[in-house]
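Peer 1: Pasting the sequence and the predicted coordinates here, then a few questions.
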Amino acid sequence: MRTQGRPKVALVPYPAQGHVTPMVQLASALNRLGFQPVLINPQFIHSQLSCTAVSEDDGNVVMFMSIPDGLDDDQPRDFFAISHFMENIMPLHLDQLLRSFDSRAEGLAFVVVDLLASCAISVAERCRIPVVGFWPAMYATYTIVKAIPDFIQKRLISAIDGSPLTEETVGFLPSLPGLNPTHCPWLVGNATSRLFRFKFWLATLKRVASLKWILFNSFPEENQRQQQPSLSIAEPVVSPEPVVSPEPSLFHVGPLTRHIEHNPSMWEEDNSCTVWLAKQVSGSVIYVSFGSWVGLSLQQHIVELAIALEASERPFLWVLRTAWQAKLPTGFLESVGRRGKVVDWAPQREVLESKAVGCFLTHCGWNSTVEAIIAGKPLLCWPVSGDQFVNCEFIVNVWKVGIQLEGEEREDIRKGLAMKMSHWQELKKNMLALRKRVFGIDGELTAMKNLISFTQAVMNGKA
């Protein structure tokens with residue numbers, strides 16, 4: 001392991017699998033540019049990762065470090081518990097850790113902070129270390145959060161809790177499809193949950209105002225569809241050079257996931273999936289996964305999905321956490337037999353790369369969407385919460401690489417599967433074209449050029 005002489009960079013992701021994964025990918029890319037990345041996670045994340053370092057071809061690694069989380073072993077790691085950790089526990093320990101780097105000869109070149117872990121921004125600023133924001137999802141969802149003051153001013157949402165005051169479709173940025181306030185990422189769960197999340201985003205907006213640079217785990221394909229804006233929000237400038245402006249300099253640097261052979265996982269993966277897939281006919285398998293955090297609506301429809309999969313008479317691989325497998329209909333696994341396989345967690349990259357997989361039934365999480373594009377697999381969309389509805393809009397209406405279910409009942413799922421098969425050739429053609437544009441040579445060179453420009457800007461800005 002060679003780390004001497006390499007400028008160190010601390011990276012602080014929001015403590016969830018969907019945020020740790022893109023941060024690891026960014027860390028790996030920074031490693032290839034000559035930096036020594038150190039990923040900082042709370043202990044409950046650090047202990048769950050299936051690997052403690054991501055090796056690189058040149059012998060360097062992405063290092064992992066932990067800070068105490070203050071959570072009991074039996075305490076749920078939900079949005080509320082994580083928010084408590086970030087606001088009340090993380091700042092002190094992160095401050096101590098960052099200052100320990102400063103006490104060493106090499107110090108820290110800069111700190112990359114997931115915008116959803118925004119309380120780390122002020123910690124790094126107090127330590128007088130340059131801070132860089134990181135948005136792990138689509139650029140489009142960032143613009144929605146930035147639009148909160150305009151939504152309130154135009155009375156599209158409540159200033160108190162962010163609840164929609166209209167169902168009107170609004171084309172509020174040239175780069176976005178027509179959206180309405182129900183697409184807002186804080187509209188999750190009951191009224192108490194929505195109020196808590198809305199306040200979370202308001203606090204995030206205040207904290208990110210001081211940032212000079214923001215990196216996006218996204219790509220310019222979002223801007224394919226043009227509309228006239230109806231809200232007074234200026235399209236931010238995306239430039240490879242620092243912009244002399246009160247607004248931060250924005251850099252689209254990804255997704256960079258292709259450079260990681262295997263993403264570190266917080267859960268043990270059932271590798272029997274790949275053995276089972278190898279025995280299936282090419283393009284025949286329906287792969288079903290709703291990511292690491294499954295929304296409430298899915299819990300109410302596990303039975304509907306199970307019955308629809310059974311009725312499809314097609315082989316399927318379903319990722320369903322063990323605790324929820326008890327909700328499956330009685331006798332379901334015996335009825336489907338070897339045609340169906342249900343696992344607690346799967347190596348998704350390897351699964352999607354399998355020739356046997358012909359359809360991906362997904363919640364439209366951003367990491368899953370990116371991995372599907374890389375694998376060239378069309379999508380059957382069932383968005384549940386958060387940014388998934390915006391991602392779905394691009395998948396279905398902009399890129400035209402997937403189909404959205406019309407409802408959540410068994411007949412809706414059955415019709416969706418049938419429609420997906422009837423449009424398979426068109427969806428596959430569009431998906432392969434999108435993959436070439438985004439992850440082909442030109443796309444990769446653009447992403448790396450933006451990342452190099454960013455590192456030059458932040459290092460020059462530090463000097």
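Peer 2: Sure thing, it's come through. Numbering: from 1, shown residues only.
Peer 1: so where do the strands sit in the protein?
Peer 2: Taking DSSP state E to define them, one finds strands in the chain at 8-12, 36-42, 53-55, 61-67, 110-114, 131-135, 213-216, 249-252, 285-289, 316-319, 340-343, 357-362, 379-381, 402-404.
Peer 1: Just put those strands in TSV and tack on distance to Phe196, mean neighbour count and mean pLDDT.
Peer 2: (Glycine included, C-beta is placed from N, CA and C.) Shown next, in TSV, are these (distance: least, Cβ to Cβ, whole Å; neighbours: other Cβ atoms under 10 Å; pLDDT from 0 to 100):
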stretch	distance to Phe196	mean neighbour count	mean pLDDT
strand 8-12	22	25	95
strand 36-42	20	24	91
strand 53-55	34	17	50
strand 61-67	24	20	84
strand 110-114	19	25	96
strand 131-135	21	23	95
strand 213-216	24	22	93
strand 249-252	28	24	85
strand 285-289	27	24	94
strand 316-319	28	23	94
strand 340-343	33	20	93
strand 357-362	27	24	93
strand 379-381	27	25	94
strand 402-404	28	22	93
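Peer 1: Not counting its neighbours along the chain, what's nearest Leu451?
Peer 2: Val253 (4.4 Å; Cβ to Cβ, 6 or more residues apart in numbering).
Peer 1: if I look at that neighbour, how far off is Gly291?
Peer 2: Val253 sits at a distance of 23 Å from Gly291 (criterion: Cβ to Cβ, to the nearest Å).
Peer 1: The two: which has the busier surroundings?
Peer 2: Val253 (26 against 20; other Cβ atoms under 10 Å).
Peer 1: could you dump stretch 350-368 to CSV, C-alpha only?
Peer 2: Output of stretch 350-368 as CSV, limited to C-alpha atoms (Å, rounded to 0.1, in the frame of the first residue of the first chain):
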residue,chain,number,x,y,z
GLU,A,350,-23.2,-9.2,-11.4
VAL,A,351,-26.9,-10.0,-11.6
LEU,A,352,-27.7,-7.2,-14.1
GLU,A,353,-24.7,-8.2,-16.2
SER,A,354,-26.1,-11.7,-16.6
LYS,A,355,-27.4,-12.5,-20.0
ALA,A,356,-30.3,-14.3,-18.4
VAL,A,357,-31.8,-11.1,-17.0
GLY,A,358,-34.3,-9.6,-19.5
CYS,A,359,-36.3,-7.2,-17.2
PHE,A,360,-35.5,-5.2,-14.1
LEU,A,361,-38.5,-4.3,-11.9
THR,A,362,-37.1,-1.5,-9.9
HIS,A,363,-38.0,1.4,-7.5
CYS,A,364,-35.9,3.7,-9.7
GLY,A,365,-33.3,4.4,-7.1
TRP,A,366,-30.4,6.3,-8.8
ASN,A,367,-27.7,3.7,-8.2
SER,A,368,-30.0,1.0,-9.6
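Peer 1: distance between it and the chain's centre?
Peer 2: Distance of stretch 350-368 from the chain centroid (Cα atoms, centre = their mean, to the nearest Å) equals 15 Å.
Peer 1: thinking again about what came up before, so what does the residue nearest to Leu451 have for phi and psi?
Peer 2: Backbone geometry at Val253, expressed as degrees, to the nearest 10, gives phi -120, psi 20.
Peer 1: Can you show me the helices along the stretch 301-450 of the chain?
Peer 2: Assigned by DSSP state H, counting those that start in this stretch, the stretch 301-450 of the chain shows helices spanning 302-312, 322-325, 332-336, 348-353, 366-375, 388-393, 410-422, 424-439, 441-462.
Peer 1: got those helices as TSV, with mean pLDDT columns?
Peer 2: Formatted as TSV, these follow (pLDDT from 0 to 100):
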stretch	mean pLDDT
helix 302-312	90
helix 322-325	82
helix 332-336	88
helix 348-353	92
helix 366-375	92
helix 388-393	89
helix 410-422	81
helix 424-439	89
helix 441-462	84
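Peer 1: okay, the ones you listed in TSV with distance to Gly189 and mean neighbour count next?
Peer 2: Output for the helices of the stretch 301-450 of the chain, formatted as TSV (distance: least, Cβ to Cβ, whole Å; neighbours: other Cβ atoms under 10 Å):
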stretch	distance to Gly189	mean neighbour count
helix 302-312	18	19
helix 322-325	17	12
helix 332-336	28	14
helix 348-353	25	20
helix 366-375	20	23
helix 388-393	14	24
helix 410-422	23	17
helix 424-439	32	17
helix 441-462	35	16
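Peer 1: Go through the ones you listed and name the closest to Ser210.
Peer 2: Of all the helices of the stretch 301-450 of the chain, it is helix 441-462 that lies closest to Ser210, at 13.4 Å by Cβ to Cβ.
Peer 1: so that closest one versus strand 110-114, what angle?
Peer 2: Per axes from the mean of the first three to the mean of the last three Cα atoms, to 10 degrees, the angle that helix 441-462 makes with strand 110-114 is 120 degrees.
Peer 1: Which among the helices of the stretch 301-450 of the chain is found nearest to Arg126?
Peer 2: Judging those by Cβ to Cβ, what sits closest to Arg126 is helix 441-462, at 16.3 Å.
Peer 1: Now find how far off-centre that closest one is within its chain.
Peer 2: 21 Å.
Peer 1: same thing with stretch 92-111?
Peer 2: The answer for stretch 92-111 is 27 Å, by Cα atoms, centre = their mean.
Peer 1: quick check: domain ranges of the protein?
Peer 2: 8-262+440-462, 272-438 (automatic domain parsing).
Peer 1: now the longest one, how far from the chain's geometric center?
Peer 2: Computed by Cα atoms, centre = their mean, the chain-centroid distance of domain 8-262+440-462 equals 10 Å.
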